[in-house]
Each structure stands twice: as C-alpha cells, then as structure tokens.
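Engineer: Predicted model and sequence below, questions to follow.
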Amino acid sequence: MSKATRATEVLEKADVSFTTVTYDYDPNAERIGLQAAEAIGEEPCRVLKTLMAEVDGKAVCVVIPSDREVSMKKLAAAFGGKSAAMMKPADAERITGYRVGGISPFGQRKLVPTAIEATALEEVHVFINGGQRGLQVRLAPKDAQSALKAIAAALVA
C-alpha cells in the first residue's frame, strides 16, 4: 500500500506534522470508522470519519468521531442553511476523487466548505483517513482544522 496520496501531499505542502498508520481495511464492516479504530487500537472518539453531505443542495465535508452520528439539523445550521442530507456515494466519489472507505478531507478534487466536530478539537491527536482505504494520518486536530480551513461546530446528534 502506498503511503503517498493526494491527502498526504497536501499535508506535507502545508507543513503539517503527521504520521501514517496502515491497517487491514474490511469492506464488509458495518461501520468503517469503528472498524478502523479497532484495527489501529485507538478510541473511536479519536478516529474521525469523513462524510460528504449537501446543505441546501451544496456540497460540504463533515469530519466527526467515528462513534457518533451527524445531526442533519446541526449540520445545516453550521453552514447557515435550512436543510442537510447525506451525499450519494457516487457523487461523493466524483467530487472528492476518492473511493468510499478512503475519502479524506485533505486533497479532495473539488474544494468544499468543511466542518469538524468541536469536541474532536479537544483531543491531543486524532486519526483521519489518509486518502485510501486502510490508511490513516495521525495529527493534532487543530492542525487538521487549520489545513482544512474548517469551521468548528457541534455537529453530532
């Protein structure tokens, strides 16, 4: 497995300190983020999942702990919208340039507004998908927020 992806290249260009962690990705896992957390031996609250959604029909990226679910009402409010819905997987892959299970908020094909769950910023370090299935990047959550130019918001139900 290659550890160099568009996501890691973006982090390197932004001079963000990170390390990579690989694991055996299980495409049949019921919840991919929780499977990743278990595989790398980390608490699910520190392994963040990247979700693609739409707020008032416009694409957004959402980064939340893998053991939590996003609140559509809170998501819409975070971006000043009226309604939010999860993006169809095929649309998420087309917009990001990544495959589902390997979608990273870093290095997406199209830049979209991004929000990170505020509670994740309280962690010393977090893991976020590194741009391919079975690859996580470990970094400080504030560095992730800065690199993504992400807003911090209460997004979970």
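Structural biologist: Ah, there it is. Residues are numbered from 1 along each chain as shown.
Engineer: going forward, measure contacts and count neighbours with C-alpha atoms only.
Structural biologist: Noted.
Engineer: Centroid-nearest residue for this protein?
Structural biologist: For the chain, the residue nearest the mean C-alpha position is residue 50 (2.5 Å; C-alpha atoms, centre = their mean).
Engineer: which stretch of helix or strand covers the residue nearest to it when sequence neighbours are not counted?
Structural biologist: Excluding its sequence neighbours, the residue lying closest to residue 50 (C-alpha to C-alpha, 6 or more residues apart in numbering) is residue 63, at 4.7 Å. Assigned by DSSP states H and E, residue 63 falls within strand 58-65.
Engineer: sorry, back to before: shouldn't the residue nearest to the centre of the chain be in contact with residue 106?
Structural biologist: No: using C-alpha atoms under 8 Å, residue 50 is not in contact with residue 106; the gap is 9.8 Å.
Engineer: so the residue nearest to residue 50 makes contact with residue 49?
Structural biologist: Yes: Residue 63 lies in contact with residue 49 (C-alpha under 8 Å); the separation is 5.6 Å.
Engineer: neighbour-wise, which of these two wins?
Structural biologist: Each of residue 63 and residue 49 has its neighbours counted (other C-alpha atoms under 10 Å); residue 49 has more, 28 against 25.
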